[in-house]
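Asker: Everything below, folded, please.
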Amino acid sequence: FSHRLLSHTFHARVLNPSNLPPLLRTVRATLFPNNGLAPPRQPPTPAEAQAIKHRCAATLLALLPDPVVATFYATRQPDQMRVQVESLLDCLGDAYLNKHLVFAILELIVVRLVPEIAEKGVVELMEERLG
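Answerer: Coordinates of the predicted model:
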């Protein structure tokens with residue numbers, strides 16, 4: 001019953017042809033204000049970047065349950081834990097590491113979608129399928 005209700009709601013609200021033009025206008029106005037591209041984003045100043053990193057670390061710590069915090073952190077002082085999380089976030093500031101992280105995630109997705117690619121190479125699979 002819930003699948004039918006969800007399907008009906010999706011088709012009635014999201015795929016409704018009368019909702020499509022206003023949705024497209026909203027998306028266009030959001031992506032292209034004044035019918036053009038938005039001005040380029042200015043990079044944050046070092047002080048703004050540090051404030052963003054503080055907020056990110058505090059948010060990540062707030063998401064962790066207490067047993068996890070007790071397992072991974074020797075201290076219970078929030079400032080020291082935040083500094084440790086900020087040092088972990090510094091790794092994400094390295095373009096080289098980010099590139100490898102993105103490629104590892106893409107590889108995981110492709111292997112989950114096409115599991116046989118983990119056992120054979122792309123060339124072998126192409127030959128097998130075409131030959």
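
Asker: Burial check on Val85, number of neighbours?
Answerer: Residues near Val85, counting by other C-beta atoms under 10 Å, number 20. Placement of C-beta: from N, CA and C, glycine included.

Asker: what helix or strand is it on?
Answerer: Using DSSP states H and E, Val85 sits within helix 78-91.

Asker: cool, Arg41 as well?
Answerer: With elements taken from DSSP H and E, nothing contains Arg41; it lies in neither a helix nor a strand.

Asker: Can you check the pLDDT for it?
Answerer: With respect to pLDDT, Arg41 scores 79.

Asker: Check which residues of the helix holding Val85 are buried.
Answerer: 81-82, 84-86 (16 or more other C-beta atoms under 10 Å).

Asker: any idea how far Ala12 is from Pro67?
Answerer: 43 Å (C-beta to C-beta, to the nearest Å).

Asker: Actually, Pro33.
Answerer: Using C-beta to C-beta, Pro33 is found at 31 Å from Ala12.

Asker: Check Ala74 and give its pLDDT.
Answerer: At Ala74, pLDDT is 67.

Asker: and what of the one 4 residues further on?
Answerer: Per-residue pLDDT puts Pro78 at 76.
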